[in-house]
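In: Any chance you could fold what I've pasted below:
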Amino acid sequence: MTGETLDLSPLEPIFAEFQAEKGALIPVLQRAQEIYGYLPKEVLQRISERMKVPLSQVYGVVTFYAQFYLTRRGKHIIRQCDGTACHVRGAAKIIRAIEQELGIKAGETTPDYRVTYEVVYCLGSCGLAPTAMVDNEVVGHLVPEKMIEIVRNLH
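Out: Just a heads-up that it's a prediction; the model follows:
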């Protein structure tokens with residue numbers, strides 16, 4: 001969104017909904033992130049102003065909780081498990097293959113914002129190891145070639 005003016009008007013219904021609730025910062029941040037996909041600086045500033053919460057406190061909450069993102073994320077989110085069961089069944093090979101395929105490291109987003117690739121340490125699907133979550137869908141029994149095919153089919 002570089003060079004663009006960010007439309008902050010979608011935040012207004014959220015402020016109206018939570019205006020009577022004390023301590024509603026987290027649900028307001030969650031709803032704002034649903035709208036924008038992450039929490040740009042301008043959004044955090046508006047939330048701070050409208051909720052009369054110091055900007056430093058807003059940033060403190062956003063940086064404390066892993067569910068909030070300060071940078072733009074990809075259209076597709078891939079979470080590759082590298083927990084014990086997945087690791088011993090070859091997750092590291094999958095991670096290397098996908099990093100090479102996408103041209104990014106785990107934890108990064110492709111320059112075209114098509115894919116954000118993350119490594120997590122448990123998806124709760126150990127029986128399907130190695131597993132990944134692709135856009136909220138668990139895929140299992142992965143090998144590098146299968147995961148590359150999944151990535152290539154994301155549009």
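
In: How is the residue sitting furthest away from the middle of the chain assigned, secondary-structure-wise?
Out: Computed with CA atoms, centre = their mean, the residue of the chain farthest from its C-alpha average is Ala20, at 29.3 Å. Following DSSP: H, G, I helix; E, B strand; the rest coil, we place Ala20 in the coil state.

In: again, but for Val138
Out: Assignment for Val138 (three-state DSSP): strand.

In: ok now do the closest residue to Glu108 other than its chain neighbours, which residues does it touch?
Out: Nearest non-adjacent residue to Glu108, counting by CB to CB, 6 or more residues apart in numbering: Tyr117, 6.6 Å away. Just so you know, the C-beta spots here come from the backbone N, C-alpha and C atoms, and that holds for glycine as well. Residues in contact with Tyr117 (CB atoms under 8 Å, 6 or more residues apart in numbering) are 74, 78, 80, 98-99, 102, 104, 106-109.

In: Separate out the buried members of those residues.
Out: Taking 16 or more other CB atoms under 10 Å as the criterion, what is buried in the contacts of Tyr117 is 74, 78, 80, 98-99, 102, 104, 106, 108-109.

In: Looking at these, which are in strands?
Out: 78, 80, 108-109 (DSSP state E).

In: ok, of the residues you listed, which one's closest to Gly140?
Out: Gln80 (11.8 Å; CB to CB).

In: who does that closest one bridge with?
Out: Beta-bridge pairing for Gln80 (DSSP bridges): Val119, Ala132.

In: ok, it - contacts?
Out: 86, 91, 94-95, 98, 106, 117-120, 130, 132, 147.

In: just curious, which of the residues you listed is nearest to Asn153?
Out: Nearest member of those to Asn153, counting by CB to CB, is Met147, at 10.9 Å.

In: can I assume Lys93 sits in a helix?
Out: Yes. Assessed with three-state DSSP, Lys93 lies in a helix.

In: and stretch 91-107, how far from the chain's centre?
Out: 17 Å (CA atoms, centre = their mean, to the nearest Å).

In: right, I mislabeled it, should have said stretch 49-61
Out: Chain-centre distance of stretch 49-61: 21 Å, with CA atoms, centre = their mean.

In: Same question for that stretch: list its buried residues.
Out: Within stretch 49-61, the residues scored as buried using 16+ other CB under 10 Å are 50-51, 53, 58-59.
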